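1. Requesting a structural model of the entry that follows:
(one chain, ligands or ions: 3)
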Amino acid sequence: MTPQDRRARADQEALDFHRYPAPGKVEVNATKPMATQRDLSLAYSPGVAAPVRAIADDPSTAYDYTSKGNLVGVISNGTAILGLGNLGALASKPVMEGKAILFKRFADLDAFDIEVDTEDADALIAVVRHIGATFGGVNLEDISSPDCFRIEAELQDLLDVPVFHDDQHGTAIICSAGLLNACEVTGRRIEDVKLVLCGAGAAGLGSITLMKALGVRAENTTLVDVDGVVYCGRTTGMDQWKAVHATNTPHRTLAEALVDADVFIGVSAKGVLTKDMVASMAANPIIFAMANPDPEITPEEVLEVRQDAIMATGRSDYPNQVNNILGFPYIFRGALDVQARSINHEMKVAAARALAMLAREDVPDEVALAYQGRQLRFGRDYIIPSPFDPRLIWYVPPFIAEAAMATGVARRPIADMDAYRASLRRRLDPSAGFLQAITASVQAAPMRRVVFIEGEEPSVIRAAYAFAAEGLGIPILLGREDVIRRNTLDLGLEGAAQTLETVNARLSGRNGAYAEFLYQRLQRRGYLRRDVERLINTDRQSFAAVMVALGDADALVTGVTRNFDQCLNDVSRAITPAPGGRLMGLSVMLVRGRTVFVADTSICELPTAEDLVAIAREAASAVRRLGHEPRVAFLSSSSFGHPHGEQPLRVRRAVELMDEQSVDFQYEGEMPPDVALDASLWANYPFQRLTEPANLLIMPAIHSATISTKLVQALGGATVVGPILFGLSKPVQICRLGDSVTAILTMATLAAFQARHP
Ligand SMILES: NC(=O)C1=CN([C@@H]2O[C@H](COP(=O)(O)OP(=O)(O)OC[C@H]3O[C@@H](n4cnc5c(N)ncnc54)[C@H](OP(=O)(O)O)[C@@H]3O)[C@@H](O)[C@H]2O)C=CC1
Ligand SMILES: CC(=O)C(=O)O
Ligand SMILES: [Mg+2]
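-> Ligands and ions are numbered 1, 2, ... in the order given. Got it, this is the predicted structure:
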């Protein structure tokens, strides 16, 4: 594939990502019920009048009665979108939506994106001034310099909430943290480094200012822009903000300035730094090429001329990602949690030092897991925390909050910092963490071959395409080549049409071997040889199941166009239950702050006590493989014998049977879900043995399992993954009829995960 093809493929993938299943990346959710007449009368008229009057009397109560305190405005006019230039307000919307959703994903902050269609700084100031009170903080983004400096300063004077231009200060904070650590790794004192910063715009001037505050000497810095070195006395292309950093130097070009320099910071444009310039730098040069989406120089180019360099870029596909994504979620989290009036210098310094310190701490396994098993240890390739590091949310904001409190800009100081840290830990979105860990583990494994049985379906083609593009494995689309190709082209996935592997069961050269395998298995179950030949030639499920059974593929995914029972029946002709295993469905409910597993959600209709025990054991082992320590609750409508009834007896018997066995996980029952999940209800049951609320619920029957998981899903507020099939000797996952592309991709990822962790 040529570089142009690769680029076109990546572009198409990004367009598809933004377009499907719903255009864009953001939606709004209610935090209060809106179901009954009473709800409506409280949420809207007449009830809403009460908080209206309260806020009119005392504006500070807006933090109590509205979402202001957790809300950020992400505001741009599109005059400097990434490194793409002035492409207008509307074109900046994907970036601003992206930032809004990153606020949510990483710091549980809500954010609205607002694109203001004006290049007039005063007009932009007027707009933001009049909407600013809506938010707990304002994040200005991708506004060109030098207007951005005045816009931010004037708005901060006008508004009583933090106004923070992320391209200036977010970038400054991250690259200062990286610089502190790069100096540590190379044994330099920050006061001694000779630093050249290319790009005298928002990011550049923000960064040079903060680096000087952290100890870099003014006389050791050289600022460079399109016109070359910013020297004292230069008259072209100057303004008051650049003039502050002009130096007395004979150098006039970037190449001259870089000879023997220790550090290059690039926040300018693609390709600005050449290999010759890198070669001329001092020993162990520190190079941060941060222009987006394409850096000033690539790590590969640097490596060609310098093996001793510490290299960072703004991109996620290289080590040392120095990108403001590491900062803004946590800086705003800390600031909003103390209702700060601004994000001042001390808070920025605290953020830079906190990020630098976090990178020096031991990296827990789950962080390594999220980074494809790469060993992360403080050093040349790890000078800054990784964006998926789950510690960021509870590690960084307390430093910001403390600095705000110490400098008098906190309206609501935090008294108990330990309790605050604990509350921050609960903010992590468990669905993101759960799927991220599974995905990363799959990406780290050798590429598994996963058969997508309904390979002609557009949604399946798109899922297979994403599966390959994300490096999750090698998808094989089963179906007629011409139909798959036509549908792939209709989807606009030209690249996929050339690269995705397809297998047509009718034309495969393996039919003879597959039929023989199936005949050996089915000859005493009423099948003639010609019956199995027909199955292999015409039934894709049977064909794919034999493919996996014989090791021609590692896993399979089906169910998008056929019902569960039919799929399981077909596949089971070739794939047997694992020896000693128990076939069962495990669903994962991801609710704010919690991951709760439920079993059996797909196979055994009315389990006996013995069945319940077997399900609990298989499910506990599956939960462990998924990275959680199981605490089992056997669910019932009764709590430990009350009220009496026929059905609870079965569940109580299951617990008695468990007591007779040796198991290495906690379990308890019979109990209803509220008692299982809420420790505050345990006072009446001092004998119960769970040490913490259960996270694996064993359902008394399939109807209660299905009804409860679907109910939770239908009511919203929770993500339900699965049922995930466990207990077969080969990985098979069955989607739900008509599943979305994302759901199919998730099931394929889980199948590949099982292939890795059998
Ligand atoms: N990794 C990260 O986290 C971040 C990266 N960035 C990236 O940094 C870059 C700049 O962003 P931002 O500061 O917001 O943009 P601005 O438009 O405010 O500034 C761009 C600056 O780069 C200078 N410049 C442009 N081309 C060259 C060149 N060929 N040689 C030298 N200097 C040049 C401009 O010079 P002049 O003043 O003469 O026009 C200007 O000073 C972008 O690529 C952006 O994506 C930004 C923020 C965060
Ligand atoms: C990351 C960012 O904010 C930028 O490139 O503009
Ligand atoms: Mg930006």
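2. give me the number of residues near P413?
-> 13 (other C-beta atoms under 10 Å). Yep, even glycine has a C-beta here, placed from its N, CA and C like the rest.
3. For it, give its distance to M405.
-> 5 Å (C-beta to C-beta, to the nearest Å).
4. And for Q520?
-> For Q520, the distance to M405 - C-beta to C-beta - is 74 Å.
5. Compare these two (neighbour count), which wins?
-> Remark: of Q520 and M405, M405 carries more neighbours, 17 against 10, as counted by other C-beta under 10 Å.
6. ok now do that one, which residues does it touch?
-> Residues near M405 by C-beta atoms under 8 Å, 6 or more residues apart in numbering: V338, P413, I414.
7. Check the contact lists of P413 and M405 and give me the overlap.
-> By C-beta under 8 Å, 6+ apart, P413 and M405 have these common neighbours: V338.
8. Phi and psi next, for G266.
-> Phi and psi for G266, reported as degrees, to the nearest 10, are phi -110, psi 120.
9. count of residues packed around the nearest residue to it once chain neighbours are set aside?
-> Distances taken as C-beta to C-beta, 6 or more residues apart in numbering place E296 nearest to G266, at 3.6 Å, with adjacent residues excluded. Here the count is done by other C-beta under 10 Å, and E296 has 27 residues near it.
10. distance of the residue of the chain positioned farthest from its centre from A356?
-> In the chain, L528 marks the outermost C-alpha relative to the chain mean, sitting 51.1 Å out by C-alpha atoms, centre = their mean. L528 is 72 Å from A356, where distance means C-beta to C-beta.
11. The residue of the stretch 101-250 of the chain at minimum distance from ligand 1 - how many residues pack around it?
-> Residue of the stretch 101-250 of the chain nearest ligand 1, by C-beta to the nearest ligand atom: G201 (1.8 Å). Using other C-beta under 10 Å, G201 is surrounded by 22 other residues.
12. so after the helix ranked longest in the chain, what's the next helix or strand?
-> What stands out as the longest helix in the chain, according to DSSP state H, is helix 166-186. On the C-terminal side of helix 166-186, the nearest following helix or strand under DSSP states H and E is strand 195-198.
13. and that following strand, what other elements does it pack with?
-> Here strand 195-198 touches helix 202-213, strand 221-225, helix 254-258, strand 263-266, going by 3 or more C-beta pairs under 8 Å, 6 or more residues apart in numbering; DSSP states H and E.
14. F564 - nearest residue in space that isn't next to it in sequence?
-> I734 (5.4 Å).
15. sorry, back to before: counting neighbours, what do you get for the closest residue to the residue of the stretch 101-250 of the chain closest to ligand 1 other than its chain neighbours?
-> Spatial nearest neighbour of G201, excluding adjacent residues (C-beta to C-beta, 6+ apart): S145 at 4.1 Å. Look at S145: counted by other C-beta under 10 Å, it has 24 neighbours.
16. got the contact list for S145?
-> S145 sits in contact with A80, A200, G201, A202, L205, W241, where contact means C-beta under 8 Å, 6+ apart.
17. one more time with 10 Å
-> By C-beta atoms under 10 Å, 6 or more residues apart in numbering, the contact set of S145 is 79-80, 165, 167-168, 199-206, 225, 239, 241-242.
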